[in-house]
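Enquirer: need coordinates for the below:
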Amino acid sequence: MRFAIITDTHFAIPGTVPDGVWWYKVPHSMDERRYASIKRSLKSLSPDFIAVCGDFTADCRRESFLLGKGIMDSIGCEWRTAVGNHDTNWPGVREEISSLYSLPDKINYYSHDISIEKHVLHFIFLDLCQNLWRDGSIRPHVDQEAYDDGDILKFAIDDKQLEWFDKDLTENRHKINIVITHTPVYYRDSVYVGTLPKAKEPFNDITSLNLLNPELEAVSEKKLKEVIKKHKDSITAVFSGHTHINEVIYANGIPFCTTAALRECPFEFRMAEVTDGSLDITMHKLDDEAIYEASYEIWRGNEWIFGKPEDRESSIQLKT
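Expert: Predicted coordinates:
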């Protein structure tokens, strides 16, 4: 059984999102080629299932979601997605995603089983992109005026979802539990970001990734990590996106795997294969070299986002 982990596809109607820069150039003007490459590259590996770690769309528009859905449906295997911050800026995509899985509106956390011979893979998709407001409330969408005024602080997870997560893990503790989030739970916070648009010279300064990609606020992060630690013996791996970086960090014996984006260099995704007693993970690149060349700029010095060998390939012991 093989499944793919992809993230930050940023699907949008071609011509509606401008080119930009993050770690490297972001060539949205080549989106039609990129989408075709995503389809070909995934089809060629024949996954049984695809898990998307959020930022499914670039602009949180219904038409972008439907375009992405059409692309994913055409690959020919079952797929599911978590929600990312680009999917939740205003009402629209949250409701579309919840309707895919017959979830209540504004609820975007759920679990899904894939059975293979004697094993059951239990995928748990969390919603870590709700928004903490200055008044202490947690709301599903961003109000742009409030955000500009500083009234929306960071991402958050409410107690209702945490209770559901705890209960779901308890009830499925004998399965192979794979957790999917958009926002990473563990990540390396000190990074070289001198060439990013928000950064200032000198370009080789080290700064906090959290300043550029605000993560979970402290209380939510603490509570989430407590639930994960409680169930550390039944969680095989946690996969995330959001930071557009390849890295693997171990905590409580669990690998927390962040995967780079499919909207900029290195245009990579992970394949995971269930073998006897292990989950073997390999990294793969999209097959269109022209997209890669349009994005990659060696002078930026950001090769580190590709990850070290241990961030790219690993073999994880199954906990069943």
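Enquirer: CA atoms of stretch 302-317 as CSV?
Expert: Output of stretch 302-317 as CSV, limited to C-alpha atoms (Å, rounded to 0.1, in the frame of the first residue of the first chain):
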residue,chain,number,x,y,z
ASN,A,302,18.1,28.8,0.4
GLU,A,303,19.2,25.2,-0.5
TRP,A,304,18.7,24.3,3.2
ILE,A,305,14.9,24.1,2.6
PHE,A,306,15.5,20.9,0.5
GLY,A,307,16.5,19.3,3.8
LYS,A,308,19.2,17.0,4.9
PRO,A,309,19.2,13.3,3.9
GLU,A,310,17.4,12.4,7.1
ASP,A,311,14.7,15.1,6.3
ARG,A,312,14.0,13.5,3.0
GLU,A,313,14.0,9.8,3.4
SER,A,314,13.3,7.6,6.4
SER,A,315,11.9,4.3,7.6
ILE,A,316,9.4,4.5,10.5
GLN,A,317,8.5,1.5,12.6
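Enquirer: can you name the residues in contact with it?
Expert: The contact list for stretch 302-317, computed with C-beta atoms under 8 Å, 6 or more residues apart in numbering, reads 23-24, 191-192, 195, 236-237, 244-248, 255, 257, 260, 266, 268, 277-283. To be clear about C-beta, it is placed using only N, CA and C from the backbone, and glycine gets the same treatment.
Enquirer: what sits against Asp19?
Expert: Going by C-beta under 8 Å, 6+ apart, Asp19 touches 25-29.
Enquirer: tell me which of those residues is nearest to Gly54?
Expert: Relative to Gly54, the closest of those is Val26; by C-beta to C-beta it sits at 16.9 Å.
Enquirer: contacts only, for that closest one.
Expert: Val26 neighbours (C-beta under 8 Å, 6+ apart): 19-20, 263-264, 295.
Enquirer: could you dump the residues you listed into CSV with secondary structure, distance to Tyr35 and pLDDT added?
Expert: What follows is the contacts of Val26, written out as CSV (DSSP: H, G, I helix; E, B strand; the rest coil; distance: C-beta to C-beta, whole Å; pLDDT from 0 to 100):
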residue, secondary structure, distance to Tyr35, pLDDT
Asp19, coil, 16, 95
Gly20, strand, 17, 92
Arg263, coil, 11, 97
Glu264, coil, 15, 97
Ser295, helix, 15, 97
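Enquirer: show me the shaky parts of the stretch 151-300 of the chain.
Expert: Filtered on pLDDT under 70, the stretch 151-300 of the chain yields the residue ranges 194-195, 197-204, 211-214.
Enquirer: on that earlier part again, which of the contacts of Asp19 tops the neighbour count?
Expert: Val26 (22 neighbours; other C-beta atoms under 10 Å).
Enquirer: so what's it closest to, chain neighbours aside?
Expert: Nearest residue to Val26 in three dimensions, chain neighbours excluded: Gly20, at 4.4 Å (C-beta to C-beta, 6 or more residues apart in numbering).
Enquirer: and what of Ile5?
Expert: Using C-beta to C-beta, 6+ apart and skipping the chain neighbours, the partner closest in space to Ile5 is Arg270 (4.2 Å).
Enquirer: what about that neighbour, which helix or strand?
Expert: Here Arg270, judged by DSSP states H and E, is contained in strand 268-275.
Enquirer: all helices for the stretch 201-320 of the chain, in order.
Expert: 209-212, 218-230, 289-295, 309-312 (DSSP state H, counting those that start in this stretch).
Enquirer: please convert these to JSON lines, extending it with distance to Pro184.
Expert: Shown next, in JSON lines, are those (distance: least, C-beta to C-beta, whole Å):
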{"stretch": "helix 209-212", "distance to Pro184": "9"}
{"stretch": "helix 218-230", "distance to Pro184": "11"}
{"stretch": "helix 289-295", "distance to Pro184": "22"}
{"stretch": "helix 309-312", "distance to Pro184": "13"}
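Enquirer: His182: which of those is closest?
Expert: Across those, His182 has its closest neighbour in helix 218-230 (13.1 Å, C-beta to C-beta).
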